[in-house]
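Chemist: next one to model:
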Amino acid sequence: MKIVFLFILAYLLGSLQSGVWLGKIFFNKDIRQFGSGNTGTTNTFRVLGKKPGIAVLFLDILKGTVATSLPIWFGVSINPLWFGVAAILGHTFPIFGHFKGGKAVATSAGMLLAYSPTFFIYSASLFVIFLFLTSMVSLSSMLSAIIITISTIILPLIAPFILAKQDSLLIILAICISTFIIFRHRENIIRIKAGTESLIPFGLYYKKKHNEAQ
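Modeler: Residues are numbered from 1 along each chain as shown. All right, here's what the predicted structure looks like:
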């Protein structure tokens, strides 16, 4: 019963829609009605601004971290990644939001933070590098997901100080999550191909497009 309770708790944690609630409470605005209509960090940045976006990013990461830590805190002998998955499902299909949520990138990062802080830093660094190169959150998220998945296999062999061992569950989950992230970004892929994807005011590609427009 304890395991079932913790799984439910992890899902409910993931279901907390910080972007929606923050927008309604402090800005009298439902972010689901603006921008991409997404409830996650990127659309919060787009609709509400920088500070609310940072707050939601922190809270979405925290959801994954707390959920993944639950079995450790409560002495349950089960791979903590399963509880991270429950939080990811909650974020993507939230019971508090009619099962329409975000794309689970930040919550997945929070799961990695609880599982392996060094691998989280490595993964976050990949995202920042791709973001600097592409100026697109969507493309950076997809590229990072692919490289992170490959890294779960090869890093324990070549850089165990980053990821100590191969974990078959981590590898399987990385494949599933990266596939899911790409699937959830299918509309972004269409816009990227058409050259109409939104850019953030940061990075080399943004600078290039900004210079071309002048």
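
Chemist: so what's the nearest residue to I88 once chain neighbours are set aside scoring on pLDDT?
Modeler: Counting by C-beta to C-beta, 6 or more residues apart in numbering, I88 lies nearest to A104, which is 4.7 Å off, once chain neighbours are set aside. In short, each C-beta sits where N, CA and C put it, glycine included. You'll see A104 listed with a pLDDT of 85.

Chemist: how much space between the most centrally placed residue in the chain and V4?
Modeler: Central residue of the chain (C-alpha atoms, centre = their mean): V105, 1.4 Å from the mean position. As judged by C-beta to C-beta, to the nearest Å, V105 and V4 stand 28 Å apart.

Chemist: list the buried ones in the lengthiest helix in the chain?
Modeler: Selection of the longest helix in the chain by residue count, based on DSSP state H, yields helix 50-73. Residues of helix 50-73 classed as buried: 52-53, 55-57, 59-71 (neighbour count, 16 or more other C-beta atoms under 10 Å).

Chemist: list the helices and strands the following helix or strand past it packs on?
Modeler: Next helix or strand after helix 50-73 toward the C-terminus (DSSP states H and E): helix 81-92. Here helix 81-92 is seen to pack against helix 2-15, helix 50-73, helix 105-115, helix 168-184 when contacts are counted using 3 or more C-beta pairs under 8 Å, 6 or more residues apart in numbering; DSSP states H and E.

Chemist: nearest to H210, out of these?
Modeler: helix 50-73 (18.4 Å; C-beta to C-beta).

Chemist: what angle separates the closest one from helix 81-92?
Modeler: 150 degrees (axes from the mean of the first three to the mean of the last three C-alpha atoms, to 10 degrees).

Chemist: if I take helix 50-73 and helix 2-15, what angle do their directions form?
Modeler: Using the same axes, to 10 degrees: helix 50-73 against helix 2-15 is 180 degrees.

Chemist: quick one: mean pLDDT for helix 50-73?
Modeler: Taken as a whole, helix 50-73 carries a mean pLDDT of 95.
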